[in-house]
Each structure stands twice: as C-alpha cells, then as structure tokens.
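Colleague: Next come a sequence and a model predicted from it.
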Amino acid sequence: MKIALLGNPNTGKSTVFNLLTGLRQHIGNFPGITVDKKIGEFKFNNHQHTIIDFPGTYSIYPRSKDEEIVYDVLSDKNHPDYPDCAVVIVDASNLERNLFLFTQIYDLQIPIILVLNMSDIASKIGKKINLEILNKQFPEVKIIETNARINVGITILKETIDTFKPDPIQSKFITDFTLLSKEDSVNQTINTEKRFDKIRTLLNSITFEKEVKKDSKSSNLDKILVHPILGYLIFTFILFILFQFIYVFSAIPMDLIDGSFSSFSAYLHESLPQGYFSDLISQGIVPGIGGVVVFVPQIALLFLFLSILEESGYLARVVFIMDRLMRPLGLNGKSVVPLLSSVACAIPGIMAARTISNWKERLITILVAPLMSCSARIPVYTLLIALVIPSKLVFGFINLQGLVLFALYALGLVSALVVAAVMHLFLKSKEPSFLLLEMPSYKMPRWGNISLNVLEKVKIFVFSAGKIILAISILLWALATFGPKDRMANVVTSLEKQASFHSLSKEEQLQKISSEKLANSYIGIIGKSIEPIIRPIGYDWKIGISLITSFAAREVFVGSLATIYSVQEDGAENMSLLNKMKAEKREDGTPVYSLATGVSLMVFYVYAMQCMATLAVVKRETNTWKWPLFQMAFMGAMAYVGAFIAYSFFK
Amino acid sequence: MDKSLSFVHTGQIVTIDNLLDSSLKPKLMEMGLVVGKKIKVLFKAPFGDPIAIDLGGYVLSLRLDEAKLINVS
C-alpha cells in the first residue's frame, strides 16, 4: 500500500517514520520539483508497504516552498505519489490545532489512519480524549494511540496499516468544503474560521481537562537560554565547543582516509599496466572519490551536533534570539542553520534554506552561504599559513598562525553578512516576511532519529556533491593529461637534453616528467594564458593551473601544486611540498610565495566560488542558472579585488 | 479595551478579539490564533522582538509585525 505520512511539525512524525522503516528509507524526487521525497518501506505479514514522509505542515495550504508538495500531491488524484491512504499524526496534547490539518485531509476524502501521538503528555497535562465520540464524528477513520518516543504502539500501527481497507470517504467535516487555490487567502480565512469553530464544538464534547500543575521545566530553561545577554553568551559558547569538537575529532579519520586513498592510488599506479586507462583510474577516479569521502567525518560530526540541538528544542530558541539581528541584513532567524551548516559544506547548508518561507530571505541566504569557510578550504588555508605566516606568539600567548586561520573564518562570516545587507538593499520583494515558529518543549534527543538524520545528510553530500566533484575531477584529469601532440611529445626529449636531468634519481626524473607534462597539457596552456590576469594579484602560471584545477573542489589546489612542483604529497604536514614552495623563486630572484602572494591567495580562497557542486545545487534550488552565475560573478569579483588589495597592501 | 498584541507585557494573559486583514491572516489562524483564544505572553527575545506566547498547549514565537495584526483585550 502507498501511504502518505502527514502531520504538524513537532508531533513526533519523523520518529514514527523512523520507527516504522528504520534503515529502509531513501531520498527520492517528486516529479518536476526539487523538494526531497523521503520514502521508507516496511514489511508486515509479508506485505510490502511504502511510506512517503511529507514535510510537517499546519495546513494543506502551503506557507513555504517545502510545504507546497503536500498541497500538490493531495490535491491531484492523478499525481504519481497520490496515496492509497494517509497516516495523520496528531499531538494528543494539542488537539485543536492538530485536528485542523486532519479534518482538511478528511475533507479531501482521503482514507485516514489517525494516530494520537504523545498521549502520555496529554494525560500528564490533564487532557482526556473520548475516542468513541471522536470516531463517531469520523466513522471511516481508524484511530489508534501511540507514544513514539518510547516505542509504544508502533506494532499496532503497523498491523493497522497492514489490515486497513481504504474505503472511500463519503462524508465531509465541513459539508460544503471545496479545495481553494494556494493564493486565495480571502476564502482560506473564511474556511479557517468555519473549521476552527466546528473543531472547538467537537472538542468540547470529546475532551475534558482537569486542573493540574503545569510543567515549568521549559519556562525556567527559557529564562536563561533566551536571556538578552546570557542567551547570546550561551549560544557563542555552544558554537565554540561545537567547532572545537569537530576539528579535534574529525582530524584523525580525515588523515586516515586521505592516507589510504593516496596509498591506494599509488599502489594502483604501480600495479596496473601502464596506459591512459590505468592513469584515469589511479589519478582521476580514485583521488576524485577520495576528495569526496575525506569530508564525510566533518560533515557527519557537524550534523550530529546540529541534530542534537534541533531534537532537544534548542535550535528553535537560536532562531528566536537571532531573528532580530538577522532581519536588517535581509535574512531571517532561520538563516542561522544554513549558515552554520555551510561551515562544513555549503551544499547541505543551501538545502537547509528551504524552511525559510520568504523567497527573498531564502535567496539571500543561499547566495551568501558559500562565503562561510567550508571544510574544503582548510587544506588550502593550512598549507598557505604554514608557508608564509611565521609560527610565533603574539601578545605572549596567541599563536599567530592560529590567529590568521581564525581571521580567515571571521572574514568569511563578516563578508557573508555584509553582502547580505547589500543584497537586501537591491533585491525587491512584495512577499511579506514573517516568522511564525513553534517553540517545542525541551526534550532528550532520540538517538535513532539523530543517527538517521546524520546518515541522510551524509548521503545527500556524497551523492549530490560527490557526483559533480568526481565528474569534474575526471574532466580535469583529462585536461591535465592530454595536450597538443607536438608539445607533449617534446617533453621527454627536451628534458633528456638537459645535463642536470640525468643526475636525478629515477623517481625524481619521473616527477620531473609529470611536472613538465602538466605544464604542456591543455590545463597548463590555460594556466599560462591567464597569467596576465592573475599577475596583478601576485600569482604565476603555476598557481594559475592550481586555481583552475581547484574548480572540482578547493582542496585539489594542494594536490595540483604537488604535481607541478614534482613532489610527492606526504600527508598532513606536506613538508616536502612546503620546502619546495619556499625555495621557489621568480625571475628577479625574489620568492614566489612572499607574504603578499600568500595572503592574497588566502583572501582569494575565502571569496572565490571554486566549487561546481555548490553552483549545481544553487541552480537546483533556485530553478534557474541566473542565480548561480550571478553568485559566481560577484564572488569572483570579490576574490579578485580582495586578493588585489591584500597583495598591494603586503607588497 | 482593544489593543494590539505587540503592546502586551510579559506574563499577561489576554484574549484574541479580532485579526486585522492581511495575507498572513489565514496563516495566523492555522497556527491557532483564532478569535476567543486565551494567550499568555511568555517571554520576549532580546530587543523585545520576536515574542513567544503560550497558545494553550504549545508555545509560538512571532515577530512584532505579526503581533500587530492581532487585537486582544
């Protein structure tokens, strides 16, 4: 059976979904639009059931982009995802608002299983529900009670779904109900009034409340967490701890992944028979995959922390205290989450912007998110800092190298906010901007939900970014391997004419050859041809080549330099590459990697949109090439101007 | 006496009298802000905006701009 899982946000809907399907869930696409479709499967009595988890909504009429899919599917009987029946999860402690969505779906005459979730909380706050009368009002609806947080009632729910006969509903709750258009706010208002009146009358007959003392845990916590001063301090502190943890704990698996991929590719290079196909595997595909996998630890850790914060209810408070600060910048309190995610990777960050209902605020969030320094920039920053920034203490206790790294992150963040404010001035929008956000009560996170969420985010990254990074890696490999025939053929012969070449060891000779080949390949030619453009910001053609190759992913910059300077990459420290780069001289004898060039490169990498995968995601999310191209243009301009200023200043 | 929800102090309990017409009106109502509903202003964010209100069973936060659309007594 094809089941649609529907309900208000914060009703435990995703917990129910996760308990029903476990690991048997995946992300698909709704035809024609870009909203992700969470599909899960489960078997009961050897019957296969498919469940689609729809975004949590308060009404079938959408308020944000991700909610539109509920309307689109439920209003169209011919939609490929139109369900055989709907499982509607309602929060038993807050029936009035929850029954609103339920009765709307009922009036669409979709067969329903109604799940009263969190009935324990309802009875704790003194609410009792008379199920018999409720069932009399909706005779075709099957009603069951669950308590998903502690796994009560899930087997009964499975059994109910399995034996459910979806008979067409003949009656309607609001007898003259007709589906309105999404935009018809006048008639929606009239209908909403009517519906709530009727729900209240119904509730008077089915619930009775007894006076009980209210749980004050949440309100006490809120006194501290949204406090005008303490609130911000706590948020800053949590962020600080969070990023410390991420860097400390992701370093080990990242080194491990990096190391194993490079030794695997070296092993392949030696053991496979020589030829382009072997090179494609050992130098194009394997390092390409490695370049994707290496970011998984950081992304997983960031989303682990973010989902803990979200599940516990704290994230809603962050949105609450940040909203007023973000508004003058054309952003929304909800922009905080996308911007935070972008510190790991802009791709999940940009996708997280879907919850922002106002198009302009969402667009600005998407456009500035890649300015936050993502994990792919770290290898570039680390190499450049080690190269030109001395390791000494300032003010007696702050390490200068660490300070510069921090400054680069700060530069990204501040620039993102400034650019947002500028766009706020120029982009016009008639759509009202609003924030109507439920503040869930604080609760212990459910680890099952968290791990599935992390898994889902990692999958999104690996498959949407990974595909593109891999494709670009292969393309760049080809451009770096092939070149004009005559030039490539000359590489070895001209090297052999040099006397110094023969005094090198066999390995050094091979490195020298691959370096010369790269210089004469198509990419080398492009690198040389852009030299006049990049000379004013302090770069030579070798850096130019590396800039181009890092369009696959920024960290490729490091690997390209290693090839150009014909050294082996040797892990995190890259000592041999560093020494080689330090020794590199210009024609006039000054070092290539002076302080000015180094800082200029760092600034360039803070700003430049060196990531095809992000551009592709922006195209997908905004549905046009206009915005990603605009983004690439303004970020490129900022990078060039910023690098120019930095170079002129330090020269 | 009618006044806008945006002027209500923290801790006060008020009843919704009417909602001003705007494109947000159906959204506000769908969130449970309907005429006759008793609400309590729980706390305000730094700078007094947005505010959080108890809607009998759940806590909703909204900006002062939205609160202005709601007349209470």
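Modeller: Yes, it's here. Residues are numbered from 1 along each chain as shown, chains lettered A, B, ... in the order given.
Colleague: and the top helix by length along chain B, anywhere near chain A?
Modeller: Assignment by DSSP state H gives helix B:25-30 as the longest helix of chain B. Yes - counting by Cβ under 8 Å from any Cβ of the partner chain, chain A has neighbours in helix B:25-30: B:25, B:26, B:27, B:28, B:29, B:30. (C-beta placed from N, C-alpha, C; glycine too.)
Colleague: Quickly check the residues you listed for the two that are furthest apart.
Modeller: Farthest-apart pair in the residues of helix B:25-30 next to chain A is B:25 and B:30; separation 9.7 Å (Cβ to Cβ).
Colleague: Which one of the two is surrounded by more residues?
Modeller: For residue B:25 and residue B:30, the more surrounded residue by other Cβ atoms under 10 Å in any protein chain shown is residue B:30, and the numbers stand at 26 against 20.
Colleague: Report pLDDT for the more buried one.
Modeller: pLDDT recorded at residue B:30 is 88.
Colleague: For burial, what's the neighbour tally of the residue nearest to it when sequence neighbours are not counted?
Modeller: Closest residue to residue B:30 apart from its sequence neighbours, by Cβ to Cβ, 6 or more residues apart in numbering or on different chains: residue A:59 at 4.2 Å. Per other Cβ under 10 Å, the neighbour tally for residue A:59 reads 22.
Colleague: In three-state terms, label residue A:59 for me.
Modeller: The three-state assignment at residue A:59 reads coil, by DSSP: H, G, I helix; E, B strand; the rest coil.
Colleague: Which pLDDT does the model give it?
Modeller: 93.
Colleague: residues touching it, list them.
Modeller: For residue A:59, the contact set (Cβ atoms under 8 Å, 6 or more residues apart in numbering or on different chains) comprises A:100, A:101, A:104, A:192, B:26, B:27, B:30.
Colleague: Quick check: the last one touching residue A:103?
Modeller: It stands for residue B:30. No - with contact defined as Cβ atoms under 8 Å, residue B:30 does not count as touching residue A:103 (12.0 Å).
Colleague: For residue A:499, the count of nearby residues, please.
Modeller: 7.
Colleague: The one 5 residues further on too?
Modeller: Number of residues near residue A:504 (other Cβ under 10 Å) recorded here: 15.
Colleague: Surely it and residue A:512 touch.
Modeller: Yes - the pair residue A:504 / residue A:512 is scored as a contact, 6.5 Å apart, by Cβ under 8 Å.
Colleague: intersection of neighbour lists for those two?
Modeller: Common neighbours of residue A:504 and residue A:512 (Cβ under 8 Å, 6+ apart) do not exist.
Colleague: Looking at the residues of helix B:25-30 next to chain A, which is nearest residue B:14?
Modeller: Among the residues of helix B:25-30 next to chain A, and counting by Cβ to Cβ, the member closest to residue B:14 is residue B:28, at 15.1 Å.
Colleague: Wait, that closest one touches residue B:66, no?
Modeller: Yes - counting by Cβ under 8 Å, residue B:28 touches residue B:66, with 6.7 Å between them.
Colleague: hey, what's in contact with both of the two?
Modeller: Common neighbours of residue B:28 and residue B:66 (Cβ under 8 Å, 6+ apart) are residue A:436.
Colleague: So which bits of chain B are right by chain A?
Modeller: So chain B meets chain A at B:22-32, B:34-35, B:42-43, B:45-47, B:49-50, B:52, B:55-63, B:65-66 (Cβ under 8 Å from any Cβ).
Colleague: Show me these that map onto strands.
Modeller: B:42, B:43, B:52, B:59, B:60, B:61, B:62 (DSSP state E).
Colleague: Contact partners for the first one?
Modeller: By Cβ under 8 Å, 6+ apart, the residues touching residue B:42 are A:219, A:222, B:10, B:52, B:53, B:54, B:59.
Colleague: List just the nearest of those residues to residue A:558.
Modeller: Among the contacts of residue B:42, residue A:222 lies closest to residue A:558 (Cβ to Cβ), at 46.1 Å.
Colleague: Identify the residues contacting the closest one.
Modeller: Counting by Cβ under 8 Å, 6+ apart, residue A:222 has contacts A:317, A:439, B:42, B:43, B:52.
Colleague: Can you tell me the SS state at the first one?
Modeller: Three states are possible here, and by three-state DSSP the one that applies to residue A:317 is helix.
Colleague: Wait, it touches residue A:439, no?
Modeller: Yes - proximity of residue A:317 to residue A:439 meets the contact threshold set by Cβ under 8 Å, at 7.0 Å.
Colleague: Show me which of these two is the more surrounded one.
Modeller: More neighbours surround residue A:317 than the other of residue A:317 and residue A:439, with 26 against 23 (other Cβ under 10 Å).
Colleague: Leaving out the residues flanking it, which one is nearest to that one?
Modeller: Take residue A:317 and drop its neighbours on the chain: the residue closest to it by Cβ to Cβ, 6+ apart is residue A:225, 5.1 Å away.
Colleague: What separation is there between residue A:272 and residue A:72?
Modeller: Using Cβ to Cβ, to the nearest Å, residue A:272 is found at 50 Å from residue A:72.
Colleague: Which one's more surrounded, these two?
Modeller: residue A:72 (18 against 13).
Colleague: A helix includes that one, no?
Modeller: Yes - membership of residue A:72 in a helix is supported by three-state DSSP.
Colleague: pLDDT value on it, please?
Modeller: If you check residue A:72, the pLDDT there is 92.
Colleague: So it sits against residue A:79, correct?
Modeller: Yes - contact criterion Cβ under 8 Å: residue A:72 and residue A:79 qualify, at 6.9 Å.
Colleague: Any regions of the chain where pLDDT drops low?
Modeller: Picked chain A for this. Applying pLDDT under 70 to chain A picks out residues A:31-34, A:126, A:208-218, A:566-574.
Colleague: wrong chain, I was asking about chain B
Modeller: Residues of chain B meeting the criterion pLDDT under 70: B:1.
Colleague: Tell me where it has helices.
Modeller: Assigned by DSSP H, chain B shows helices spanning B:25-30, B:64-67.
Colleague: Please apply the same query to the stretch 251-400 of chain A.
Modeller: A:276-279, A:286-293, A:296-312, A:314-326, A:336-341, A:346-352, A:359-368, A:377-388, A:400-426 (DSSP state H, counting those that start in this stretch).
Colleague: buried set for the third one?
Modeller: This points to helix A:296-312. Residues of helix A:296-312 classed as buried by neighbour count (16 or more other Cβ atoms under 10 Å in any protein chain shown): A:296-311.
Colleague: Does chain B have contacts with it?
Modeller: No - against chain B, helix A:296-312 shows no contacts by Cβ under 8 Å from any Cβ, the least distance being 14.8 Å.
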